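# Following is a predicted model, sequence given first.
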Amino acid sequence: MGVERYNDLFITEKQKIFISDFNNNVKYFPDNVHFTLAGEISSDPGNLGSGGGWHRDSPYTNQFKTIIYLTDVGENNGPFQYIRGSHKKSGYKLINKVLKEYDYGENRFSDDEILSIVNNIDGFKISTITGKAGDLILVNTRGLHRGAPLTEGTRKAVTTYSFRNKIPNKFYKT
Ligand SMILES: O=C(O)CCC(=O)C(=O)O
Ligand SMILES: [Fe+2]
């Protein structure tokens, strides 16, 4: 985390401009701050993929991230997956209905819960975002997502986190 403080060769000038343009134009973040995570994950047996399984980053607020793949990413080496529409309040209501006793503030979801969500909510399906090295994903991680577990190879990516006023304390611990 904070890799941009040490080495800006991770990102090209063009991508930097694109990211900053994205972040500055997202209406929820008039004066945001950012940091960048450089991550490499590999297909170790039992790996959960980037992000450690299905979750949403912040149940109560929008949270914007940019992810740039630094390797080609196919179905088997950890593509980003997202359930479109799941970041909306209306989506939350449907999810809570399907999962019954589900706590609105819960962040983590089992594979079975995700199956039940996509099988029971019209229009909810898992989108798998494969791509080439250099491709950029813009995402509201309030919605349900994960990096898929890797069954082969490795995946490298840089992810930029944005916050409205300050970087939350928990990110200073590591
Ligand atoms: O890197 C990914 O594919 C997703 C990781 C994740 O959960 C996140 O960046 O919020
Ligand atoms: Fe996440």
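Great, that's in hand. Numbers count the residues shown, from 1 in each chain. Ligands and ions are numbered 1, 2, ... in the order given.
# just the strands in this protein please.
If you assign secondary structure with DSSP state E, the strands in the chain sit at 33-42, 64-69, 80-83, 126-129, 136-140, 145-147, 154-163.
# Out of these, flag the one nearest ligand 1.
Each of the strands of the chain has some distance to ligand 1 by Cβ to the nearest ligand atom; the shortest is strand 145-147, at 2.8 Å. In this view, the C-beta of every residue, glycine as well, is placed from N, C-alpha and C.
# which ones are touching Ser43?
Asn76, Asn77, Leu150, Thr151, Glu152, Gly153, Thr154 (Cβ atoms under 8 Å, 6 or more residues apart in numbering).
# List the contacts of the last one.
Same thing as Thr154. Counted by Cβ under 8 Å, 6+ apart, Thr154 has contacts Glu40, Ile41, Ser42, Ser43, Thr71, Asn77.
# Kindly recompute the last result at 7 Å.
Residues in contact with Thr154 (Cβ atoms under 7 Å, 6 or more residues apart in numbering) are Glu40, Ile41, Ser42, Thr71, Asn77.
# Could you give the bridge partners of it?
With beta bridges defined as DSSP bridges, Thr154 has these partners: Ser42.
# Quick check: residues of the protein near ligand 1?
Selection of the chain residues close to ligand 1 by Cβ under 6 Å from any ligand atom yields Ser50, Gly51, Asp57, Lys65, Ile67, Phe80, Thr141, His145, Arg146, Gly147, Ala157, Thr159.
# centroid residue for this structure?
By Cα atoms, centre = their mean, the chain has its centre lying nearest to Thr141, at 5.0 Å.
# Tell me who's in contact with the nearest residue to that one once chain neighbours are set aside.
Spatial nearest neighbour of Thr141, chain neighbours left out: Asp57 (3.9 Å); criterion: Cβ to Cβ, 6 or more residues apart in numbering. By Cβ under 7 Å, 6+ apart, the contact list for Asp57 reads Gln63, Thr141, Arg142.
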